[in-house]
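Chemist: Let me see the structure of the following:
(chains A, B and C)
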Amino acid sequence: MLLIDVVRVSEAVTRTSARLGKIGHLAELLGRVGADEAEIAISYLSGELPQRQVGVGWRTLQDLPPAKLAATATLTDVDALLSRIKSVSGQGSQAARRTLVTQLFAGLTTQEQAFMLRLLGGELRQGALDGVMIEAIAKASGAPSADVRRALTLRGWLPAVGAAALAGGVEALRAFKLEVGRAVSPMLAGSAPNIAAALEKAGAPAALEWKLDGVRVQAHRSGDQVRVFTRTLDDITAQVPELVEAVLGLASDDLVLDGEVIALRPDGRPHPFQVTASRASSKTDVPRLRERTPLSVFFFDALRVNGTDLLDLPYSLRQELLAETVIPGLLTPRIVTGDVSEAEKYFTDVIKAGHEGLVVKSLASPYAAGRRGAGWIKVKPRHTLDLVVLAAEWGHGRREGKLSNLHLGARDPESGGFVMLGKTFKGLTDELLTWQTERFLELAEGPADEWTVKLRPELVVEIAFDGVQRSPRYPGGMALRFARVLRYRPDKRAVDADTVETVRSLMF
DNA sequence: TTCCGACAGTGGGGTCGCAAT
DNA sequence: ATTGCGACCCCACTATCGGAA
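Modeler: Next up is the predicted model:
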């Protein structure tokens, strides 16, 4: 199949706003792609590469060669070149990679170039990714989408699932089994503003588990072999020897467990997330790092124990089997209750202990990966500050032409100025985007650079955030974590904004 | 007819590994 | 040694579609 066939379908999907229409376009193409190119087509049309990453980003994609006139590139051609691009390494690799990227784009038409640019940049923006592609695979193969979804859970990679469905229908999908040593798509949590709302969503009574601010891990063990995967299914076995040893110490030698690794201080309180993340992603001199900053692991689910798959069992049963398999010290602390005030007290206690919050879990739900469904609901406390808008950046995509990303500052009484604490683009409605674009242009002091408009520091905005972290980037040495806009405060002036000292007092 | 679950899009800060400067 | 880039760890929120109620 030619790349241009895929590109045309992608364009049709982009033009179509109805989800069912998108699914129709995608399914039509899946109906005519050859078996040997099905994985590539599914991959591209769900916004990813079969190679996952190839070491090419926005910078490498500057200064591309002129386009060809005739569209002759096949999916196989393009895929082969991308594999070569991925494989280069060592001295001179950047130049070599650039040469191959140039070669790739020189073989494409303008239309194809535009598509590959977005695909490689990770911003397909056609309004269809995995979720829509699942439905398209179901439609094209005649299999129920629930079967596609379940196979994806077990296999962790949609193109392989889609190709199997197109070739062998529902039977091929049902042949996918949990395989020890190959990562499963992890189950994700939705969120709720407070404990009462979360209990209502999950259905009382529910389990309340500590939400630890660490790195999600999935541990597989077959005999003496242990492998550990992250949320995006990357293998981090070598970075977490503590976890490997802990799993090898268990009685069952055929299992898959879900949990979190976190760096704890000697007093048991958690280190800042940055410390855990640094440990979990460092590959060099792990033994020394381990001595200085040991990782602890806490499991909260069991997908397989003693060679038996548990995904379809209710959470409460999986918990029983987990507790029989894992020593108490490796279990995520939890209670089961339907009582709101008891749950709220537990929440207060876990926050006092320095942790992130709670995950409220339905006792009945199976392990349904991928969807941020109703089964698991996280609750975290929320801080707020009144900050001053120092500048704003022009948005992209559907925010094109709107000033979108706000630079936030706290008041510094000593200097009489403002100290930048980070940016945010979250929490803005279309209406607010329109309003703030107009208002910002009135306050504009001129462009700071190509994307940024500097403002007179007059506008006060109420910002919600999860915490204050140490920052190597911002002048105050601190930055807000997960900042989002709650509302503008026209009743306040810049002199009423919160101060740097207030922010500093929130940093741990 | 209204409501709500699921999805895609729009980006945030921090850190590491690797290659180039 | 330092810098730039790509990748991935954590992530919140709104708009929209379409099935459920």
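
Chemist: Tell me the residues on the stretch 401-508 of chain A that lie near DNA strand B, please.
Modeler: Contact residues, the stretch 401-508 of chain A versus DNA strand B (C-beta under 7 Å from any atom of the strand): A:404-405, A:422-426, A:469-474, A:479-482. Placement of C-beta: from N, CA and C, glycine included.

Chemist: Pull out the buried members of those residues.
Modeler: Neighbour-count burial (16 or more other C-beta atoms under 10 Å) applied to those gives A:404-405, A:422-425, A:469, A:471, A:474, A:479-481.

Chemist: Looking at those residues, which are in helices?
Modeler: Among these, no member is found in helices (DSSP state H).

Chemist: got the residues you listed as CSV, with pLDDT and distance to residue A:49 columns?
Modeler: Compiled in CSV, those are given as follows (pLDDT from 0 to 100; distance: C-beta to C-beta, whole Å):
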residue, pLDDT, distance to residue A:49
A:404, 95, 28
A:405, 95, 27
A:422, 95, 31
A:423, 95, 29
A:424, 95, 30
A:425, 95, 26
A:469, 94, 32
A:471, 92, 33
A:474, 92, 34
A:479, 95, 32
A:480, 96, 33
A:481, 95, 30
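
Chemist: Can you name the two of these that sit furthest apart?
Modeler: Using C-beta to C-beta, these span at most 23.0 Å, a distance reached by A:404 and A:469.

Chemist: check contacts around residue A:276.
Modeler: A:213-215, A:261-263, A:270, A:295 (C-beta atoms under 8 Å, 6 or more residues apart in numbering).

Chemist: and with 6 Å instead?
Modeler: Residues near residue A:276 by C-beta atoms under 6 Å, 6 or more residues apart in numbering: A:214, A:262-263.

Chemist: now those residues as CSV including neighbour count and distance to DNA strand C?
Modeler: Output for the contacts of residue A:276, formatted as CSV (neighbours: other C-beta atoms under 10 Å; distance: C-beta to the nearest atom of the strand, whole Å):
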residue, neighbour count, distance to DNA strand C
A:214, 26, 7
A:262, 23, 10
A:263, 23, 13
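
Chemist: Looking at chain A, which helix is longest?
Modeler: Longest helix in chain A, counting by DSSP H: helix A:158-174.

Chemist: List the buried residues for that one?
Modeler: Applying 16+ other C-beta under 10 Å to helix A:158-174 flags A:158-166, A:170, A:172-173 as buried.

Chemist: farthest-separated two in those residues?
Modeler: A:159 and A:170 (18.0 Å).

Chemist: name the element residue A:442 belongs to?
Modeler: For residue A:442, the element it lies in under DSSP states H and E is helix A:430-443.

Chemist: Is any residue of that helix near DNA strand C?
Modeler: Yes. Using C-beta under 7 Å from any atom of the strand, helix A:430-443 reaches DNA strand C at A:430-431.

Chemist: Return the set of buried residues in that helix.
Modeler: A:433, A:436-437, A:439-440, A:443.

Chemist: Let me have the residues you listed in TSV, extended by distance to residue A:391 and pLDDT.
Modeler: Formatted as TSV, the buried residues of helix A:430-443 follow (distance: C-beta to C-beta, whole Å; pLDDT from 0 to 100):
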residue	distance to residue A:391	pLDDT
A:433	16	95
A:436	12	96
A:437	13	96
A:439	13	96
A:440	9	96
A:443	10	95
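
Chemist: Same question for the helix or strand containing residue A:502: list its buried residues.
Modeler: Per DSSP H and E: residue A:502 is located in helix A:500-505. Of all the residues in helix A:500-505, those buried under the rule 16+ other C-beta under 10 Å are A:500, A:503.
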